[in-house]
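Novice: Model the following, please.
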Amino acid sequence: MLYILHGADDYSIAHELEIIKQSAGDPSLLATNTVTIEGGEVTENDLRVACETVPFLADKRLVIVYGLLERFAPRQTTRGTTTKKTEGQLINHEVFGNIINGIPPSTILVLIENEPKDANPLFKMIIVNAQVKAFPLLKAPQLREWVIKRATEEGSSISPSAITLLTRLIGSNLWIMSSELKKLALYSDGNRIEEKDVKSLVSYTQQSNVFSMVDAIVEFNIQKAETMLQQLLSEGNSPTQLLNMLNRQMRLIVRARELKQQKLSEPEMRGRLGLPADWLVRKTLEQANRYTLPRLKQVYQQLLDTDIAIKTGKYDGELALNILIAELCQPQKSDSSPRQIQGVAV
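Specialist: Presented below is the predicted three-dimensional model:
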């Protein structure tokens, strides 16, 4: 049996793989008959041996291969044209294709891929014998349904407003979503999960508020920025924690500028930046577009000066942050020399 599981939703792929394992018989026996292979490195002989070895004291043998089809994907040039495979590569894909199409009935072969293209020669050769299942990232309606179902499985229910906030904060990262729902279900103790519970427990609400504060700073909106600062402080965050959050956001902005120049897609950027949701990527890119590199250098210097002021005891942490926010919300003069406010270089 041949399966091809592909898509960006690796949580659902992992879930489907567990279903395949359960269908293969005794888990304890299957564990000794499971082989995991990196497709980018496997040789024809290694794949043949893995697939054709007789199961040991079991009915089935499971072979999982990651990224084999990617090895034969047509490559695009910098001009956007597709390059043809060499004769050696074409022969090579046929060898792999013959091995895969000839697996014995006792072998379950699972290929886990990103997004196989129809033009991929190996994909075209083996698809006729495969069960192909796509797992794209869930969009809004499907994601809301998934959240409701997962909350029910955890023995709870969830309000529409809580679903809206959760999906906005976390997006389609189902690993994080599943973990947060488990935590929320335990917290609600059989009661319905409400929006206030999400705000209290889900750490990404703080990240969202930091994004909003940075937005206000970019817009020189001191009233909104100070309001967000007070809200974050009232939620129990220490001045040092908030300064670290601001530092992290500035690093994300710098990194986003670099990734944008590399012309990566939003999902690729999300992975590189370590952000859980696409909207966070878009928001970071928006902020990056509004910061020049000289301005970012100035902000980094101001963050450093504030950190020193807090650690040396020159200013109380909350006062130092308020001074920082006030300075960051001041439109910059044309000269790049550091300004002084209340004796602190900012």
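
Novice: Then I108 would be within a strand, right?
Specialist: Yes: under DSSP: H, G, I helix; E, B strand; the rest coil, I108 falls within a strand.

Novice: and stretch 252-260, what's its mean pLDDT?
Specialist: Averaged across stretch 252-260, pLDDT comes to 87.

Novice: If we go by neighbour counts, what in that stretch is buried?
Specialist: Neighbour counts over stretch 252-260 (16 or more other CB atoms under 10 Å) mark L252, I253, R255, A256, R257, L259 as buried. No exception for glycine: its C-beta is placed from N, CA and C like everyone else's.

Novice: Leaving out chain neighbours, which residue sits closest to the third one?
Specialist: What it means is R255. Nearest-residue entry for R255: L273, 6.0 Å, with adjacent residues in sequence omitted and distances by CB to CB, 6 or more residues apart in numbering.

Novice: Could you grab the helix/strand/coil label for Y187?
Specialist: Three-state assignment for Y187 (three-state DSSP): helix.

Novice: typo on my end, L62
Specialist: Looking at L62 with three-state DSSP, the answer is strand.

Novice: Could you report the separation of it from E145?
Specialist: Distance, L62 to E145, using CB to CB, to the nearest Å: 30 Å.

Novice: same deal with L186?
Specialist: From L186 to E145 the distance is 22 Å (CB to CB).

Novice: Over to A50?
Specialist: 38 Å.

Novice: Do I have it right that the residue nearest to R255 meets L252?
Specialist: Yes: assessed by CB atoms under 8 Å, L273 is found in contact with L252 at 5.8 Å.

Novice: Need the overlap of contacts for the two.
Specialist: T284 (CB atoms under 8 Å, 6 or more residues apart in numbering).

Novice: Touching the helix or strand harbouring T240 from outside, list them.
Specialist: With secondary structure defined by DSSP states H and E, T240 is part of helix 239-261. The contact list for helix 239-261 (CB under 8 Å, 6+ apart) reads 206-207, 210-211, 213-214, 229, 232-233, 237, 268-269, 272-273, 275, 281, 284-285, 287-288, 291, 293, 296, 299-300, 303, 306-307, 310, 317-318, 320-321, 324.

Novice: List only those of these flagged as buried.
Specialist: 206-207, 210-211, 213-214, 229, 232-233, 237, 269, 273, 275, 281, 284-285, 287-288, 291, 296, 299, 303, 306-307, 310, 317, 320-321, 324.

Novice: Narrow the residues you listed to those in helices?
Specialist: 206-207, 210-211, 213-214, 229, 232-233, 269, 273, 281, 284-285, 287-288, 296, 299, 303, 306-307, 310, 317, 320-321, 324 (DSSP state H).

Novice: one step back: tabulate the CA atom coordinates of the helix holding T240 in PDB.
Specialist: Written as PDB, here are the backbone C-alpha positions of helix 239-261 (Å, rounded to 0.1, in the frame of the first residue of the first chain):
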ATOM      1  CA  PRO A 239       9.100  46.200  32.900                       C
ATOM      2  CA  THR A 240      12.000  43.900  32.100                       C
ATOM      3  CA  GLN A 241       9.700  41.400  30.400                       C
ATOM      4  CA  LEU A 242       8.100  44.100  28.300                       C
ATOM      5  CA  LEU A 243      11.500  45.500  27.300                       C
ATOM      6  CA  ASN A 244      12.400  42.000  26.200                       C
ATOM      7  CA  MET A 245       9.200  41.800  24.200                       C
ATOM      8  CA  LEU A 246      10.000  45.100  22.500                       C
ATOM      9  CA  ASN A 247      13.500  43.900  21.700                       C
ATOM     10  CA  ARG A 248      12.100  40.700  20.200                       C
ATOM     11  CA  GLN A 249       9.700  42.600  18.000                       C
ATOM     12  CA  MET A 250      12.400  44.800  16.700                       C
ATOM     13  CA  ARG A 251      14.500  41.700  15.900                       C
ATOM     14  CA  LEU A 252      11.500  40.300  14.000                       C
ATOM     15  CA  ILE A 253      11.200  43.500  12.100                       C
ATOM     16  CA  VAL A 254      14.800  43.400  11.000                       C
ATOM     17  CA  ARG A 255      14.600  39.700  10.100                       C
ATOM     18  CA  ALA A 256      11.400  40.300   8.200                       C
ATOM     19  CA  ARG A 257      13.100  43.000   6.100                       C
ATOM     20  CA  GLU A 258      15.800  40.400   5.200                       C
ATOM     21  CA  LEU A 259      13.300  37.700   4.300                       C
ATOM     22  CA  LYS A 260      11.300  40.000   2.200                       C
ATOM     23  CA  GLN A 261      14.400  40.800   0.100                       C
END
